[in-house]
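Engineer: Structure of the sequence below:
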Amino acid sequence: MDPRNLIAIDIHTHAEVSCWNPFDNYGEEYDRAADKFFGSNRRPTIAESVAYYRERKIGLVMFMVDAESNMGRRRIPNEEIAEAAAQNSDIMIAFGSVDPHKGKMGAREARRLIEEHGVKGFKFHPTVQGYHPYDRMAWPIYEVIAEYKLPAIFHTGHSGIGSGMRCGGGLRLEYSNPMHLDDVAIDFPDMQIVMAHPSFPWQDEALSVATHKPNVWIDLSGWSPKYFPKQLVQYANTLLKDRVLFGSDYPLITPDRWMKDFEAAGFKPEVMPGILKDNAVRLLGLGTPAA
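Structural biologist: Reported below is the predicted structural model:
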């Protein structure tokens, strides 16, 4: 990916449909609940997503969430996403996702994804994967990520998945309290940790951890910027201006909508290029950000 040819880098997009495996409709009620919560039922293929971003000259980081142990649902293959990234390396970067419950076997997979498939980071979703981020069962996977000095994105805050379902679909929001990442940031200083989303209802906790731990970042995905908490915008304009990242949560929120609302959300003009692209360039090790 050459950032000089891009207007922005979206650090947070999802693979929703596999073209390698048949659709797994087990647990499809979680999709419907998320559709209702976000007001969107878009399910593009990986190729369709790449074409959408290429048309807009926006780079994208794409991943799925491996929650096979907790959700019982077949994942989209990491290799499918990595292959698409290799074929579209001018615009796309692949992150992997490995269920933390897989322990040492998961660590072996993480290493293989890095060494053989060029994966550049990893995604975790504590609520959906059913674990506390500080649980030592995940340590073997974290150790591999830290060894290669790669970033890891962790979902934080409320989740649209399970929202409105009976018992929230059995998914525990508390797993995604960003304060749980404090221990991880201490024990893995070589792993750059990205806290995904405005972390409602724990926004202050997220800002505290990111301010205190220099290996912790925040991505702004999952919300329209016009709904961001005031303190998040304040910190993005000041103390955390170098560690806040543009993310949309596509296809649930489009970059078109996100960037339009971003213009009027109270961000200082001088910090906006960093949020949209330059900070991601540093996180991803892409070199010179200037267009």
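
Engineer: so residue 43 touches residue 251, yeah?
Structural biologist: Yes. Counting by C-beta atoms under 8 Å, residue 43 does reach residue 251; the two are 7.0 Å apart. (C-beta placed from N, C-alpha, C; glycine too.)

Engineer: So those two - more neighbours on which side?
Structural biologist: Taking other C-beta atoms under 10 Å, residue 43 and residue 251 do not tie; residue 251 has more neighbours (20 against 13).

Engineer: ok, that one - contacts?
Structural biologist: 13-14, 16, 40, 42-44, 49 (C-beta atoms under 8 Å, 6 or more residues apart in numbering).

Engineer: same thing but 6 Å
Structural biologist: 42, 44 (C-beta atoms under 6 Å, 6 or more residues apart in numbering).

Engineer: Tell me how far it lies from residue 218.
Structural biologist: 22 Å (C-beta to C-beta, to the nearest Å).

Engineer: Pull whatever helix or strand residue 280 lives in out as CSV, backbone CA atoms only.
Structural biologist: Taking DSSP states H and E as the definition, residue 280 sits inside helix 279-284. Taking Å, rounded to 0.1, in the frame of the first residue of the first chain, the C-alpha atoms of helix 279-284 are listed here in CSV:
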residue,chain,number,x,y,z
ASN,A,279,-1.3,8.0,12.1
ALA,A,280,-2.3,4.8,10.3
VAL,A,281,0.8,5.1,8.1
ARG,A,282,2.9,5.0,11.3
LEU,A,283,1.0,2.2,12.9
LEU,A,284,1.1,0.0,9.9
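
Engineer: quick thing: my sequence starts at 13, can you match it?
Structural biologist: Okay, using 13 as the starting number, the last item reads as helix 291-296.

Engineer: contacting residues around that helix?
Structural biologist: Against helix 291-296 from outside (C-beta under 6 Å, 6+ apart): 15, 21, 23, 163, 257, 301.

Engineer: Kindly provide the distance from the third one to residue 217.
Structural biologist: Per C-beta to C-beta, residue 23 is found 21 Å from residue 217.

Engineer: any idea how far residue 158 is from residue 187?
Structural biologist: In terms of C-beta to C-beta, residue 187 sits 21 Å off from residue 158.

Engineer: and if you look at residue 15?
Structural biologist: Residue 15 is 25 Å from residue 158, by C-beta to C-beta.

Engineer: quick one on the thing from earlier: and residue 23 and residue 217? Which one has more around it.
Structural biologist: residue 23 (27 against 19).

Engineer: is it fair to say the more buried one lies in a strand?
Structural biologist: Yes. Judged by DSSP: H, G, I helix; E, B strand; the rest coil, residue 23 forms part of a strand.

Engineer: That one contacts residue 259, correct?
Structural biologist: Yes. Using C-beta atoms under 6 Å, residue 23 is in contact with residue 259, at 4.5 Å.

Engineer: shared neighbours of the two, anything?
Structural biologist: Counting by C-beta under 6 Å, 6+ apart, the residues touching both residue 23 and residue 259 are residue 231.

Engineer: sorry, back to before: select from the contacts of helix 291-296 the one having the most neighbours.
Structural biologist: residue 257 (30 neighbours).

Engineer: which stretches of this structure aren't confidently modelled?
Structural biologist: 38, 300-303 (pLDDT under 70).

Engineer: And the strands in it, which stretches?
Structural biologist: For the chain, the strands defined by DSSP state E cover 20-26, 70-75, 104-106, 134-136, 163-167, 204-208, 228-231, 256-257.

Engineer: For residue 41, find the nearest of those strands.
Structural biologist: strand 20-26 (18.0 Å; C-beta to C-beta).

Engineer: what separates the closest residue in space to residue 284 that isn't next to it in sequence from residue 239, distance-wise?
Structural biologist: With C-beta to C-beta, 6 or more residues apart in numbering as the criterion, residue 284 has its nearest non-adjacent residue at 7.4 Å, and that residue is residue 274. Counting by C-beta to C-beta, the separation of residue 274 from residue 239 is 12 Å.
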